[in-house]
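**Q** here is a sequence with its predicted model. Questions after.
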Number of protein chains: 4
Amino acid sequence: MAGNTFGNLFKLTTFGESHGVAIGGIIDGCPPGLKLDFEAIQNDLNRRKPGQSSIVTQRKEPDSVEFLSGVFEGITTGTPIGFTIKNTNQKSKDYSHIKDVYRPSHADYTYEKKYGIRDYRGGGRSSARETACRVVAGAIAKQLLKKVTIHAYTSSVGDIFLEKPYQDLDFSKIESNAVRCPDKDTAERMISKIKDIKKQGDTIGGTVTCVLQNVPVGLGEPVFDKLHAELGKAMLSINAVKGFEYGSGFCGAKMTGSEHNDLFNADGSTKTNLSGGIQGGISNGMDVYFRVAFKPVATIIQKQNALDSSGNIVEMQGKGRHDPCVVPRAIPIVEAMAALVLADYYLLNKIYN
Amino acid sequence: MAGNTFGNLFKLTTFGESHGVAIGGIIDGCPPGLKLDFEAIQNDLNRRKPGQSSIVTQRKEPDSVEFLSGVFEGITTGTPIGFTIKNTNQKSKDYSHIKDVYRPSHADYTYEKKYGIRDYRGGGRSSARETACRVVAGAIAKQLLKKVTIHAYTSSVGDIFLEKPYQDLDFSKIESNAVRCPDKDTAERMISKIKDIKKQGDTIGGTVTCVLQNVPVGLGEPVFDKLHAELGKAMLSINAVKGFEYGSGFCGAKMTGSEHNDLFNADGSTKTNLSGGIQGGISNGMDVYFRVAFKPVATIIQKQNALDSSGNIVEMQGKGRHDPCVVPRAIPIVEAMAALVLADYYLLNKIYN
Amino acid sequence: MAGNTFGNLFKLTTFGESHGVAIGGIIDGCPPGLKLDFEAIQNDLNRRKPGQSSIVTQRKEPDSVEFLSGVFEGITTGTPIGFTIKNTNQKSKDYSHIKDVYRPSHADYTYEKKYGIRDYRGGGRSSARETACRVVAGAIAKQLLKKVTIHAYTSSVGDIFLEKPYQDLDFSKIESNAVRCPDKDTAERMISKIKDIKKQGDTIGGTVTCVLQNVPVGLGEPVFDKLHAELGKAMLSINAVKGFEYGSGFCGAKMTGSEHNDLFNADGSTKTNLSGGIQGGISNGMDVYFRVAFKPVATIIQKQNALDSSGNIVEMQGKGRHDPCVVPRAIPIVEAMAALVLADYYLLNKIYN
Amino acid sequence: MAGNTFGNLFKLTTFGESHGVAIGGIIDGCPPGLKLDFEAIQNDLNRRKPGQSSIVTQRKEPDSVEFLSGVFEGITTGTPIGFTIKNTNQKSKDYSHIKDVYRPSHADYTYEKKYGIRDYRGGGRSSARETACRVVAGAIAKQLLKKVTIHAYTSSVGDIFLEKPYQDLDFSKIESNAVRCPDKDTAERMISKIKDIKKQGDTIGGTVTCVLQNVPVGLGEPVFDKLHAELGKAMLSINAVKGFEYGSGFCGAKMTGSEHNDLFNADGSTKTNLSGGIQGGISNGMDVYFRVAFKPVATIIQKQNALDSSGNIVEMQGKGRHDPCVVPRAIPIVEAMAALVLADYYLLNKIYN
């Protein structure tokens, strides 16, 4: 109920504040007998971690995960997998200036009002640092899903859009540049844009597109737990996300039925895929794809007005080392959440087979 | 797990196929002592029901709800509220021609593959008829929420958009026309568009905007169950929905932080509200608003190719009485789902106070 | 949360008060493709229903179940199974005398204090009438479990005990007498005891023993959801139950380890079965057996002091038609709850295989 | 679903094997603003820890808990409380002899059959070491419950029973002896019995009685989640428990209604309390009391036959340092689980008030 658990059968519960001792989590329900590829897990963490390139925050955090249980001789045992990631580079003093200040478009004010208390250091629980735990669990979920492939990439930064449909992209190029856009020219323009924005002490939003391939037919549960509803919730639970659309998405709302319907091939596949691989909330075997909108990071290195706890408007300026654009580091998080959703339905579907 | 339950503390479980004996549900967790306004409940059902105007399906269903428990002398008792809505006007024979046929962009194929069996009459469980149960529960949730107001309206049909922001609209005009758009001129253009589309035997998509006002500060649970994540899931669980955005939404992804940040007033309100009334997943007391994209209805009264269960492509033509545009009837459903989300968090929040 | 749902994967939610329009429920998660034996369902309801013999309440209720959804041409479809049982014989006037009175050892007082309102007619929601819904769902669960057999029987009434271990009993004799004790002589003494008690306008307690055979190895989830923990909760949720023990039970607490350990046979079975077929919360393939204690029914046809809502002690006398001993009618309820527990774990176990 | 979570609103999820790096857990839903008494938490851990007296296992484990999150400057923040307890004294080599052996009346066989793999060191996940995490969470729950007092004590060891009712006991004496029985003479006989049993290399069962006082009226949810049903599940989830009864328990099944009914006083309290403080699953303000049966520990220091994974019966002898009687160390675990149950219902009840 308190919102720190995701999933039912493949269930992740996380804990931890950005400036506490450690963050971590428990994965409950991972089936036994899965030989874990620890390098793949750490690799996904590295894709998310700060300091990995010049267009992300320059904080240095190793983000190495320690597994405490649930794995015996490298193989999952079916018991809960506990893990922690130490917070090694927190500079709590960076935050003493915001102890009594609510920063605009941050969660400071709402946490204070909801709980009557908050760990003000670095956003505390509201910090995106929590998403490192999601990446750990998602990396394990990916290994469980084996044949399914999950590829997320940056599809826009500000007003720079990758216009090509995903079918025309080479996913192997996603990791070839710092912004994680598989189209070289667009990537360069995006990187240049982010560098400009950074110079101004400002930040910028963007979108991530994610494609799930080889998803088995039948994943998703009508009526409330439709596959895309759960994917939507998963994505909207990521810090800074403002929107989610799948298949034809908002464009689909402008179309007619005769344009939008996906006609069948004889093998059950469809000639078009405006449905985004899901019918009635259940996967149909076609590619599942969706797009996620991220707002610009709220911490800017410019003077801004804020509110203090006594009701005074005060001038403040962001300090610390922040991301000018959250999207490149969000890629592995989007993938992880997609993997968690699929893993849950994948296990649930075994009941019907 | 099987997906027919929504909510935790104010919990709705529904049952029923479009052409079975009845649909219905159980609302568990409605607090005791709530004097129910049954007329308001029926009124919301009437806003959803078929046959209410010339631009919706001409099926005639009274959709009257019978309460079987949980209410004593008109007042809720804290025990589960069971209710049914009879299926009185089902013409199952209308559907015999699709018994072995998978209609394009319907759930026929995925249900068959997932379950190995389906009630083919009128979409069975995948029919939007199920949403009548949501409207019943949502209408009760609205009564629980008292001060909160929930207004949904049609903000686009095809390429006809209501350009005005919600602040410039008179919500009392929403019910003044068949398309439920509060701007008279735009409404007329939308209605005309739907009539044209209907004449062609085609269908058209659209969007719904929903505004939640007087939402108390503090609703929503970090980190996975953010208020907007649950709203997103709720909306995406409605039949035909392809996208959800709140606050600045997809537009926010094009903006810079200095443009996007909502500066505070001294009373904790904000000068702008690109955040959409939610910070860190928790309501901040400002208006919560969001937009939902609906695809065009898949059943068109034109010849189309479909797939039969033997793997043959067959020609078919939609029969029956279908909506040319689902949006006008979706308005009370969007409101109901929003009410269910808020009621759940409203109850949960009592724990912290 | 509000307590009207049992199970996770095979999930029953019930509604209804004893004197409302109807009681009923929703079974969510029943796998598709199960051909239902409706006669078997009604037969279990008949074993529970009032008026079936001279030693139970003489109320006449047909207790016929109507299925509203989830079944198509006699076969489950995987969608939720909604059902109702009409309340046809309620005599609400029988209860007007207790409108403002809290009967001793009933739930009148606690419901009033918890909810501030109660449906006083016949106990309302606290009436054991609700268990008819459990019997419906349990009867379907039994059909899902196929090979597993579930036998409950009366093992004591007052101080009359069936001394034989279950291995020495012929379960086919359980239904041969009104008290549902498979040993003829003991049954006769129990029946005679109940008749005596009834004559005195009094009631008497008893115990039910239940044996689950052919339970597959591996059902049950450590650590909190051990098979016997869930069975215990299921049994303790039945009206009037005061205790639960499985395997050696309370006697086991007097034993030494060298006496109590169950030594293995080479095939994995055990020579003794003091464990009750469960090790570490997981079934081991041996018979699972347990015993459930029922207190005497609180409604007695004698003068007793009660409390009224103004704080006065008032004299009252039970009216209506009540059971002198609840145990004979509790047999199918115990079986139903056991079946629900097993069905849930049975489905969950598919995930591991 | 995988069984490592207890509770809904005050929710504990645990992880860890007896011989892994660490055990630990996450408490989600603890309300903010609770000033934690860390000494009280450690004190309860010390009451459970090995090596505390001559009648328990002589393993030495400090069992000190480290909190990683959810607490800021000593006060809970409403965010999840993550904690770990290091496994410092595991001697894994002690267990190499049972790598391929299923010990009688242990969980070795069922874990192997369920999961196809097990961490054989010290019972792995099935070890009672996991209960240390419950004690941590329970100690925090006790602090949340403030006015409620929870007292558990040893009420029997083998055939030595503490005959006095709880009303005649001085709870302040519970911790005055190693066996945790508040009656001095009975305690001495129990201790002597355990020492005898230990000399024989054998073990012995016993019972724990627990009394909850100052429980507010109204805790517990009909119909499936009755207060005693949840208490029963909680207790039955503790290692080695075979039975649970509350109030009159199994004795109540021998009584008549006229004997068993608890007559009211004018203030709503009752003259007797055979009901055990619960009516219809809801607390009535009287003392809640219950009794829990523990079987003898299965590891005995005598030669016994066991089964190996190849299907051979092999002779083995328990090694290591085991408890001759589990009951004295189980006292804080019983209390902890009772506190967890109450905390969950206590929070839930806020919704109704």
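**A** Received the coordinates, thanks. This is a predicted model, so every value here is computed, not measured. Residues are numbered from 1 along each chain as shown, chains lettered A, B, ... in the order given.

**Q** got the contact list for the nearest residue to A:Asn265 once chain neighbours are set aside?
**A** Leaving aside its sequence neighbours, A:Asn265 sits nearest to A:Lys271 (Cβ to Cβ, 6 or more residues apart in numbering or on different chains; 6.2 Å). In this view, the C-beta of every residue, glycine as well, is placed from N, C-alpha and C. By Cβ atoms under 8 Å, 6 or more residues apart in numbering or on different chains, the contact set of A:Lys271 is A:Asp262, A:Leu263, A:Phe264, A:Asn265.

**Q** what's near enough to touch A:Asp323?
**A** With Cβ under 8 Å, 6+ apart, A:Asp323 has these contacts: A:Pro50, A:Val56, A:Thr57, A:Thr203, A:Val297, A:Arg329.

**Q** with just CA atoms, put the lengthiest helix in chain A into PDB.
**A** Ranked by residue count under DSSP state H, the longest helix found in chain A is helix A:327-349. Presented in PDB, the C-alpha positions along helix A:327-349 are these (Å, rounded to 0.1, in the frame of the first residue of the first chain):
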ATOM      1  CA  VAL A 327      16.900  10.900 -20.800                       C
ATOM      2  CA  PRO A 328      20.200   9.200 -21.600                       C
ATOM      3  CA  ARG A 329      20.400   7.700 -18.100                       C
ATOM      4  CA  ALA A 330      16.700   6.800 -18.100                       C
ATOM      5  CA  ILE A 331      17.100   4.300 -20.900                       C
ATOM      6  CA  PRO A 332      18.100   1.400 -18.700                       C
ATOM      7  CA  ILE A 333      15.400   2.300 -16.200                       C
ATOM      8  CA  VAL A 334      12.700   2.200 -18.900                       C
ATOM      9  CA  GLU A 335      14.100  -1.200 -20.000                       C
ATOM     10  CA  ALA A 336      14.100  -2.400 -16.400                       C
ATOM     11  CA  MET A 337      10.500  -1.400 -15.700                       C
ATOM     12  CA  ALA A 338       9.400  -3.000 -18.900                       C
ATOM     13  CA  ALA A 339      11.200  -6.200 -18.000                       C
ATOM     14  CA  LEU A 340       9.600  -6.200 -14.500                       C
ATOM     15  CA  VAL A 341       6.100  -5.900 -16.100                       C
ATOM     16  CA  LEU A 342       6.800  -8.700 -18.600                       C
ATOM     17  CA  ALA A 343       8.300 -11.000 -16.000                       C
ATOM     18  CA  ASP A 344       5.200 -10.700 -13.800                       C
ATOM     19  CA  TYR A 345       2.900 -11.600 -16.700                       C
ATOM     20  CA  TYR A 346       5.200 -14.200 -18.000                       C
ATOM     21  CA  LEU A 347       5.000 -16.100 -14.700                       C
ATOM     22  CA  LEU A 348       1.300 -15.500 -14.300                       C
ATOM     23  CA  ASN A 349       0.700 -16.900 -17.800                       C
END
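
**Q** angle of that helix against helix C:327-349?
**A** Here helix A:327-349 runs at an angle of 130 degrees relative to helix C:327-349 (axes from the mean of the first three to the mean of the last three Cα atoms, to 10 degrees).

**Q** how about helix A:327-349 and chain B, any contact?
**A** Yes. Counting by Cβ under 8 Å from any Cβ of the partner chain, chain B is contacted by helix A:327-349 at A:Leu348, A:Asn349.

**Q** so what does that helix touch, helix or strand wise?
**A** If you count contacts as 3 or more Cβ pairs under 8 Å, 6 or more residues apart in numbering or on different chains; DSSP states H and E, helix A:327-349 packs onto helix A:38-48, helix A:131-145, strand A:149-157, strand A:206-213, helix A:227-236, strand A:288-294.

**Q** quick check: angle from that helix to strand A:149-157?
**A** Using the same axes, to 10 degrees: helix A:327-349 against strand A:149-157 is 150 degrees.

**Q** just to revisit the earlier point, now do the phi/psi pair for the residue nearest to A:Asn265.
**A** phi -70, psi -40 (degrees, to the nearest 10).

**Q** one step back: the helices and strands packed on helix A:327-349: which one's closest to D:Phe72?
**A** helix A:131-145 (19.1 Å; Cβ to Cβ).

**Q** hmm, the closest one in reach of chain B?
**A** No. Helix A:131-145 does not reach chain B (Cβ under 8 Å from any Cβ); its nearest approach is 8.6 Å.

**Q** what is the burial count for the one residue in the stretch 201-350 of chain A that gets nearest to chain B?
**A** Residue nearest to chain B within the stretch 201-350 of chain A (Cβ to the nearest Cβ): A:Gly280, separated by 2.4 Å. A:Gly280: 25 surrounding residues under other Cβ atoms under 10 Å in any protein chain shown.

**Q** for the one 3 residues further on, same thing?
**A** As a burial measure, A:Ser283 scores 26 neighbours (other Cβ under 10 Å).
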